[in-house]
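S.K.: Provided below for reference: sequence and predicted model.
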Amino acid sequence: MAEYFKNKIGIISRIGGRETNEDSAGHIETDRGDLIVVCDGVGGTSCGEIASKIGVNVIIDEYKNGDQNLSIKESLIRGVQRANSIIREEQRYRKECRHMATTVVCVHVSDDHLTVVHAGDSRLYQIRSGRIIFVTTDHSVVQKMVNDKMIKPKEAFGHPRSNEIYNCLGLTEYADISITERKVKKADILLLTSDGIHDILSPKQLLKNIYASATITNAVQAVSTLADLKGKKLKNKRHDNLTLAIYSQGNEIKKQNWLSLFLWSAILIFAVATTFFIDFNKDHNSFNSIINTEKEKHCFSEGPIPFIDLAQLLKTSPNGCICTSQEYRNNIELIIRTDSIFDNKLSITMPMSVDMDSIYLFKETIVDTISNGTNQILLKYKTKTDE
């Protein structure tokens, strides 16, 4: 097993279920930024290993020692094409390696700019605030099947033809590569993987294990170990060499991202749940409500509550209804604002422990549940004169 840990990055490469490790990875930091390269060699025996090492070493060398007047994109392209040419030369002089080749994904990070060059099915995932916001597109048979709508995207994971690629270094005289330039934030996590990782672990599993780790080092070790264990259980060709690199300019994995994700999920669930019909004809416990308007406060007791449909209200209310909620000192404040109907911002504060089924609201027309802004909700109302 090969390991590399330095400041903002961690790299691990394991042999997995193969006899030799044909994956290679490398990193270099200069005053122009950070360059990370992952290659997955093919060709059998030791030839795949040779091809992947050529890919990593030549790309890094060109970036470090090549023409510094070139842009980062031009430097990476030149490095990749030079590696392709050297692999082609090796194919001609080594008969046993005439079919050797390698995938490549190389990523350069400089401040807020990200440059990605890749060929084959080695990937880059860009992760922000607990979710994947970008992933490179594989040059593979399975990805083409997805593009052609022969299979659904969810069927691509673990597909029996997932190891078949149509593009890599060493295949043609001039490598067919994909180039992407993106913005990157300091707290973003960049995950580079060979197919031995992402063919075993789903995006959800990758995220879970990364954010369960306190450091980049721990995250790299956790992901590679889990992929190795799952691969051993599969006992088939999917247990490949396992290589991944995790990089973040912030040099840490911010666990609060998961908290943010959880809170947004909770809000979504709450919004959907409150759109269900509540049976208001049941017997209710007594409950006093305090209603705040911009002009006055009133306190009313419970009583039978008729209800109306929001859809009907929207026909007479061009501005619609805007509903929000917030927690405050162990209470939940529900606010409805319907400018063209009430001309007021109305709210009600109630203990968080109160069952929604036992809530009575009063004064003109007040909402008893919260809408997510698009779905139909049920309003119930009672006017002061009905008391």
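M.R.: Structure's in. What do you need? Numbers count the residues shown, from 1 in each chain.
S.K.: partners of the strand ranked longest in the chain, with directions?
M.R.: In the chain, assigned by DSSP state E, the strand with the most residues is strand 33-42. In the sheet, strand 33-42 lines up against strand 23-30 (antiparallel), strand 101-102 (antiparallel), strand 104-110 (antiparallel) (DSSP bridges).
S.K.: avg pLDDT for the first one?
M.R.: Pointing back at strand 23-30 there. Averaging pLDDT along strand 23-30 gives 97.
S.K.: for this protein, which segments count as helices?
M.R.: 47-65, 72-93, 141-147, 153-156, 195-198, 203-211, 216-234, 256-273, 310-316, 339-342 (DSSP state H).
S.K.: among the ones you listed, show me which one is buried the most.
M.R.: helix 195-198 (a mean of 27; mean count of other C-beta atoms under 10 Å). Just so you know, the C-beta spots here come from the backbone N, C-alpha and C atoms, and that holds for glycine as well.
S.K.: one step back: could I get the helices of the chain as TSV with distance to residue 135 and mean pLDDT?
M.R.: Shown next, in TSV, are these (distance: least, C-beta to C-beta, whole Å; pLDDT from 0 to 100):
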stretch	distance to residue 135	mean pLDDT
helix 47-65	20	97
helix 72-93	19	97
helix 141-147	11	94
helix 153-156	11	90
helix 195-198	9	95
helix 203-211	8	95
helix 216-234	15	94
helix 256-273	18	53
helix 310-316	40	40
helix 339-342	43	36
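S.K.: between those helices, which one is closest to residue 100.
M.R.: Closest to residue 100 of those, according to C-beta to C-beta: helix 47-65, at 3.7 Å.
S.K.: now do that closest one against strand 104-110, angle only.
M.R.: Using axes from the mean of the first three to the mean of the last three C-alpha atoms, to 10 degrees, the direction of helix 47-65 lies 20 degrees away from that of strand 104-110.
S.K.: counting contacts, what elements does helix 47-65 pack onto?
M.R.: strand 23-30, strand 33-42, helix 72-93, strand 101-102, strand 104-110 (3 or more C-beta pairs under 8 Å, 6 or more residues apart in numbering; DSSP states H and E).
S.K.: what does the fourth one contact?
M.R.: Looking back up the chat, that one is strand 101-102. Strand 101-102 has contacts (C-beta atoms under 8 Å, 6 or more residues apart in numbering) with 24, 39-43, 48, 51-52, 54-55, 87, 120, 168-171.
S.K.: next one: stretch 47-62
M.R.: Outside stretch 47-62, the residues that touch it by C-beta under 8 Å, 6+ apart are 20-26, 28, 35, 37-43, 75-76, 78-80, 82-83, 86-87, 90, 94, 96-97, 99-102, 104, 106, 169-170.
S.K.: and if we set it to 6 Å?
M.R.: With C-beta atoms under 6 Å, 6 or more residues apart in numbering as the test, stretch 47-62 has contacts from 20, 22-24, 26, 28, 37, 39, 41-42, 78-79, 82-83, 86-87, 97, 100-102, 104, 106, 169.
S.K.: could you do stretch 81-90 as well?
M.R.: Counting by C-beta under 6 Å, 6+ apart, 51, 54-55, 58-59, 62, 97, 169-170, 175 sit against stretch 81-90.
S.K.: and the pLDDT for the closest residue in space to residue 99 that isn't next to it in sequence?
M.R.: Distances taken as C-beta to C-beta, 6 or more residues apart in numbering put residue 43 closest to residue 99, at 5.1 Å, once the chain neighbours are dropped. Looking at residue 43, its pLDDT is 74.
S.K.: hang on, isn't residue 43 packed against residue 100?
M.R.: Yes - if you go by C-beta atoms under 6 Å, residue 43 and residue 100 touch, sitting 3.1 Å apart.
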